Structures are given as C-alpha cells and as structure tokens.
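S.K.: task: produce atomic coordinates for the following.
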Amino acid sequence: MKSPFKLAIISTLILFIIFLLVLSSAILISRYNPVPVFRQSPPDNTVLRVIDGDTIEMASGEIIRLICIDTPEQGEEGYEESTNFLSNLILNREVTLESDIQDKDSYGRLLRYVYLDIPEQRLFINKILYQQGYAEMMIIPPSDSKCGEISSSRIP
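M.R.: Numbers count the residues shown, from 1 in each chain. Here you go, the predicted model:
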C-alpha cells in the first residue's frame, strides 16, 4: 500500500500538470482568436467614399459637391479617370471644407471647396482637378468666389 505522503505528491503533480495544460491551451486560443479591437469611427472630415470626380461622401454622412468644376458622369468618357484621380488624392484622408454663398445644391448636396493639408502645403482639390484636365469649369452663381482662381490655373 502506498503511503499518504506519496499519494499527496502524486495528486499535487497531477493537478499541476492539468493546470499547465489549461494555461497553455488558453494562451494558444488567445493567439488564434484575439479579442476584437474596436476602432473609433474616423473623424467627420474624413473622405469615406468618392462618388465621382466632383462628389464625395464624408464620414459624417454628408455628400459634398465640389464647387466651380464639373467632371464626367458615370458612363461618360473620362469618368473612371477623374474618379480614380480624386480617390488617389483624398480617399480615407481628412480634408478641410470651405463653403461659399450657397450652402446646398438642388440635390441637397453641400457645395464646398475642398482642401487637403499635407506637411508645409495646402492642396486646393477643386483647382487641381481642373488644372490636371480631369474637370471642366462650371460656374453657378452665387457660389463662384474662387472660380477665377481655379479657371486661371490650367496647365497647357
């Protein structure tokens, strides 16, 4: 017959081995099934979606129509190019919006000048689209205070 002391040692060793197995299983499971990390929503001034070359959706849910310019609509020549160009410039980036006299167009979109601030430079997106040939001028008073600046910027 085994002594009570030996039984106690064996029982303790078995419990310790079970503890180690449970602990190592928990570590392995946590590595393969990490606890999800919930990110904060992007700031409201982040461009969430580029609808076309002159219309964007903000993280705030607002739809923005760039003032003074017009780009091809879906199905028209140049649509993909202007949309992709704008996407490459501002998609998922924070921008600054500037209003003019008229706040919204007849479709309920906010009419804005759009700026992208990068280190030591502020890019005027409406102007760049026109400058690079992705947009044409579309002046609709009374929101036209910067249309002259945009129209004089085309690179030949």
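
S.K.: give me the residues contacting the longest strand seen in the chain.
M.R.: Ranked by residue count and defined by DSSP state E, the top strand of the chain is strand 110-118. Contacts made with strand 110-118 from outside it, assessed by CB atoms under 8 Å, 6 or more residues apart in numbering, are listed as 56, 62-68, 89-90, 93-100, 102-105, 122-126, 143, 146. Glycine gets a C-beta too; all of them are placed from N, C-alpha and C.

S.K.: all strands of this protein, in order?
M.R.: 47-52, 55-58, 63-66, 69-70, 96-98, 110-118, 121-124, 136-137.

S.K.: mind listing what the residue nearest to Ser41 when sequence neighbours are not counted touches?
M.R.: Leaving aside its sequence neighbours, Ser41 sits nearest to Ala59 (CB to CB, 6 or more residues apart in numbering; 6.6 Å). Each residue near Ala59 by CB under 8 Å, 6+ apart is listed here: Ser41, Pro42, Pro43, Asp44, Asn45, Thr46, Val47, Leu48.

S.K.: got the phi/psi numbers for the nearest residue to Ile69 once chain neighbours are set aside?
M.R.: Excluding its sequence neighbours, the residue lying closest to Ile69 (CB to CB, 6+ apart) is Ala135, at 3.8 Å. Backbone torsions of Ala135, given as degrees, to the nearest 10, read phi -140, psi 160.

S.K.: check contacts around Ala135.
M.R.: Contacts of Ala135 by CB under 8 Å, 6+ apart are Gly53, Asp54, Leu66, Ile69, Asp70, Thr71, Ser82, Asn126, Leu129.

S.K.: in contact with the third one: list those residues for me.
M.R.: Put plainly, it is Leu66. Leu66 sits next to Asp54, Thr55, Ile56, Arg112, Tyr113, Val114, Ile125, Asn126, Leu129, Ala135 when contact means CB under 8 Å, 6+ apart.

S.K.: now the helices: where do they sit in the protein?
M.R.: Assigned helices in the chain, in chain order: 4-32, 79-90, 125-131, 147-151 (criterion: DSSP state H).
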